[in-house]
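**Q** mind looking at a prediction? Sequence and model below.
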Amino acid sequence: MSGDPNLALEHCRPRHGSQHAIDQAEASVLLGGLPGWQVANAALLHKEFSFPSYAATLLFVNTVAGLAERENHPPDLEVGYGRVKVSYSTHDVGGLSRNDFICAAKIEALARI
């Protein structure tokens, strides 16, 4: 299966309530376009990125922070030397929403640059 090729072109919208939660089948389809991303416990979308230096790591973190501000959908970030783990979950829906996958797709687009 392949994911939605236009996902990175979408923008996050306010989503409240369980009716906006994505089920496992839809999550599997959306993951098709997000290499290396995984879903844990049906409620957490995550991926770890590696970098050659701490400076490159922080540049990535700051770029993701700017994206999060623009989309009003911040991830949890775990930062170490040469690595960043990015995790998304939409607390207002009690699991994953399309916003999580939109932001992951935008990060993938950034990581390819």
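**A** Arrived safely, thanks for sending.
**Q** centroid-nearest residue for this structure?
**A** Geometric centre of the chain, nearest residue: residue 104, 2.8 Å, by Cα atoms, centre = their mean.
**Q** longest single helix anywhere in this structure?
**A** Taking DSSP state H as the criterion, the chain has its longest helix at helix 54-71.
**Q** helices or strands up against that helix?
**A** strand 76-80, strand 83-88, helix 98-111 (3 or more Cβ pairs under 8 Å, 6 or more residues apart in numbering; DSSP states H and E). C-betas here are computed from N, CA, C, even on glycine.
**Q** who does the shortest one pair up with?
**A** Which is strand 76-80. Using DSSP bridges, strand 76-80 pairs in its sheet with strand 83-88 (antiparallel).
**Q** how far out from the middle of the chain is the strand it pairs with?
**A** How far strand 83-88 lies from its chain's middle: 8 Å, per Cα atoms, centre = their mean, to the nearest Å.
**Q** which of the helices and strands packed on helix 54-71 sits closest to residue 15?
**A** For the helices and strands packed on helix 54-71, proximity to residue 15 was assessed by Cβ to Cβ; helix 98-111 is nearest, at 6.0 Å.
**Q** poorly predicted segments of this structure, please.
**A** For the chain, the stretches with pLDDT under 70 are 1-5, 113.
**Q** got the contact list for the residue lying farthest from the centre of it?
**A** The C-alpha centroid of the chain is most remote from residue 53, which lies 22.2 Å away (Cα atoms, centre = their mean). When contacts are counted by Cβ atoms under 8 Å, 6 or more residues apart in numbering, residue 53 touches residue 82.
**Q** for residue 109, see how far away it is.
**A** 22 Å (Cβ to Cβ, to the nearest Å).
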